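In: Provide a 3D model corresponding to the input given below.
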Amino acid sequence: MLLSGIRVAIVGWLCLTALLVAAGQQHSTPNELPDTTADRVTGQGWWPTKSPASTKGYVGSDVCAECHSAIASTQSESEMAKAAFRLSGGAAGQPAPGDFESGSYTYRFIANNTPPGYSLEVTSNGRSISYPIAWTMGVGVHGQTYLLDDNGGLYEGKASSFSFIHRIGLTPGHTPAEEGSLENAVGMPLKAGEALRCFACHTTASSANSTLNAADAVPGVHCEACHGPGLDHVNAIFARQTGQARQAIFNPASLTPTSTIDFCGACHRTTMDVVMNEPEPGAYTIRFQPYRLEESRCWQTTKDARLACTQCHDPHAPMVRDAHFYDQKCLSCHSPGKDARHDASSGAWAATPKICPRATANCASCHMPKSYVPEMHSTFVDHFIRIVRPGKPVPN
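Out: Alright, predicted model coming up:
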């Protein structure tokens with residue numbers, strides 16, 4: 001379904017929902033539509049990016065590892081666990097080399113000796129200004145964006161590092177600085193809500209009561225970012241209160257297929273996040289995997305749990321980047337002898353899928369091709385599963 005079709009469906013659904021509520025009814029799970037992340041955060045006891053009442057409920061991944069050692073060990077090596085860090089001058093966090101010119105401004109990253117680290121320097125008409133990097137956001141697979149320290153305030157730097165081209169360029173979402181103010185050319189001040197969202201998706205335990213506490217944020221996405229603060233869970237475990245312990249921690253395995261995708265979409269963008277916030281989406285929506293997945297015909301006709309994010313990707317382990325690894329995932333549905341089945345928990349039907357007439361290997365390279373996203377200077381795997389027609393533009 002194209003974006004315009006989604007909008008029509010949403011409007012129709014909202015009208016139907018209003019009528020059902022007036023009649024004292026609720027819409028059923030099989031017709032469940034994706035929600036915005038804001039809706040989920042408000043309506044759930046826990047949801048990724050939620051800001052708890054206090055940070056005192058967090059115990060840290062080391063405590064989780066006392067019982068879940070195998071999962072904690074592999075999760076610590078995952079990309080999510082390395083989604084942010086304080087730049088310390090190490091080789092892993094070194095910004096890309098070279099200069100980036102925009103109008104009369106020249107951007108470069110310079111090394112600091114005391115304290116060790118880097119600063120973003122901007123030069124124009126013989127004047128220079130620099131701000132130290134406080135945080136690096138992104139593991140660096142595609143690139144990294146930097147938060148600059150302005151006497152305690154945070155700026156999102158106008159220059160980012162891009163891995164595929166191994167140089168710096170304009171930060172995605174930014175526009176070239178207007179001529180005049182050197183200070184304004186450095187970056188964009190992070191508003192309170194933007195900072196909360198940024199840290200919520202790249203760090204753990206970064207806020208309480210919707211107030212950011214970047215100084216105490218744990219770099220990277222760890223156990224409690226997805227499962228919620230663990231103190232009550234741990235206390236119940238020590239008290240041998242198994243039932244209470246299960247209720248005191250969030251388990252995404254209990255979610256319906258649509259909610260599962262919304263769960264990951266809290267940071268990777270749900271369909272509704274895109275529809276409500278991107279009035280004219282372009283090819284850059286390829287970066288938003290949950291939205292792209294829900295555009296797929298097989299998802300829209302069945303909402304099959306076998307298509308949910310975690311069926312292919314283990315959030316507790318590093319990403320597998322070999323396309324052949326995912327063949328087994330595709331063939332678990334697209335194989336002879338697979339019959340339609342009903343998922344009682346979600347009400348969704350898994351239809352009998354057609355068998356690819358061309359190949360039974362390297363499926364993703366044809367049906368989930370990589371596409372170039374200009375603002376990221378990189379290619380991304382398109383999670384819009386489809387038959388790709390040669391010469392046809394990438395759908396939005």
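
In: CA only for contacts and neighbour counts going forward, please
Out: Will do.

In: residue 258 and residue 119, how far apart?
Out: 42 Å (CA to CA, to the nearest Å).

In: more neighbours, those two?
Out: residue 258 (25 against 22; other CA atoms under 10 Å).

In: count the neighbours of residue 251 for me.
Out: Residue 251, neighbours per other CA under 10 Å, totals 13.

In: grab the nearest non-local neighbour of it.
Out: Spatial nearest neighbour of residue 251, chain neighbours left out: residue 227 (6.3 Å); criterion: CA to CA, 6 or more residues apart in numbering.

In: was I right about that neighbour contacting residue 248?
Out: No - using CA atoms under 8 Å, residue 227 is not in contact with residue 248, being 9.6 Å away.

In: those two: which is more packed in?
Out: Using other CA under 10 Å, the more surrounded residue of residue 227 and residue 248 is residue 248, with 21 against 16.

In: tell me who's in contact with the more buried one.
Out: Residues near residue 248 by CA atoms under 8 Å, 6 or more residues apart in numbering: 230, 232-233.

In: residue 312: which of those residues is nearest?
Out: Comparing these against residue 312 with CA to CA places residue 230 closest, at 26.6 Å.

In: any idea how far residue 315 is from the closest one?
Out: 18 Å.

In: can you give me the end-to-end distance of stretch 202-221?
Out: End-to-end for stretch 202-221, by CA to CA: 6 Å.

In: what's next to it, contact-wise?
Out: In contact with stretch 202-221 (CA under 8 Å, 6+ apart) are residues 51-55, 58, 80-86, 137-138, 192, 195-196, 199-201, 222, 224-225.

In: ok, stretch 142-160 next?
Out: 100, 107, 119-120, 131-138, 161-164, 168-171, 174, 185-190, 376, 378.

In: how is the chain carved up into domains?
Out: Residue ranges for the domains of the chain, per automatic domain parsing: 3-42+255-381, 55-76+198-247, 84-190.

In: and those as TSV, adding mean pLDDT and distance to residue 393?
Out: Below are the domains of the chain laid out as TSV (pLDDT from 0 to 100; distance: least, CA to CA, whole Å):
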stretch	mean pLDDT	distance to residue 393
domain 3-42+255-381	77	9
domain 55-76+198-247	97	31
domain 84-190	91	22
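
In: can I get those domains in JSON lines with distance to residue 389?
Out: Converted to JSON lines, the domains of the chain look like this (distance: least, CA to CA, whole Å):
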{"stretch": "domain 3-42+255-381", "distance to residue 389": "10"}
{"stretch": "domain 55-76+198-247", "distance to residue 389": "35"}
{"stretch": "domain 84-190", "distance to residue 389": "27"}
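
In: helix/strand/coil for residue 62?
Out: helix (DSSP: H, G, I helix; E, B strand; the rest coil).

In: neighbours of it, how many?
Out: 13.

In: ok, it - contacts?
Out: Counted by CA under 8 Å, 6+ apart, residue 62 has zero contacts.

In: any idea how far residue 233 is from it?
Out: Counting by CA to CA, the gap from residue 62 to residue 233 is 14 Å.

In: what residues does stretch 178-195 touch?
Out: So stretch 178-195 is contacted by 103-105, 120-124, 128-131, 153-159, 177, 211-212 (CA under 8 Å, 6+ apart).

In: what's the closest non-adjacent residue to the spatially most central residue of the chain?
Out: Centroid check for the chain by CA atoms, centre = their mean gives residue 268 as the closest residue, at 2.8 Å. Computed as CA to CA, 6+ apart, the closest residue to residue 268 that is not its neighbour in sequence is residue 288, at 5.4 Å.

In: sec struct for residue 226, please.
Out: Assignment for residue 226 (three-state DSSP): helix.

In: pull the number of nearby residues for it.
Out: When neighbours are counted by other CA under 10 Å, residue 226 comes out with 21.

In: so who does the residue lying closest to it once chain neighbours are set aside touch?
Out: Sequence neighbours aside, residue 48 is the residue nearest to residue 226 in space, at 5.3 Å (criterion: CA to CA, 6+ apart). Counting by CA under 8 Å, 6+ apart, residue 48 touches 41, 200-201, 225-228, 263, 266-267.

In: now do residue 48 against residue 266, distance only.
Out: Distance from residue 48 to residue 266, by CA to CA: 6 Å.

In: just residue 102 next, same as before
Out: On the measure of CA to CA, residue 102 and residue 266 end up 33 Å apart.

In: give me the more crowded residue out of these two.
Out: A count of neighbours by other CA under 10 Å puts residue 266 above the other of residue 102 and residue 266, at 24 against 14.

In: CA atoms only for the helix or strand hosting that one - export them in CSV, please.
Out: Assigned by DSSP states H and E, residue 266 belongs to helix 257-268. Extracted C-alpha coordinates of helix 257-268, given in CSV (Å, rounded to 0.1, in the frame of the first residue of the first chain):
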residue,chain,number,x,y,z
PRO,A,257,3.1,-8.8,15.6
THR,A,258,2.1,-5.2,15.0
SER,A,259,3.2,-4.2,18.5
THR,A,260,6.5,-6.0,18.1
ILE,A,261,7.3,-3.9,15.1
ASP,A,262,6.1,-0.7,16.9
PHE,A,263,8.4,-1.7,19.8
CYS,A,264,11.5,-1.7,17.5
GLY,A,265,10.0,1.3,15.7
ALA,A,266,10.3,3.4,18.9
CYS,A,267,13.8,4.2,17.7
HIS,A,268,13.8,2.9,14.1
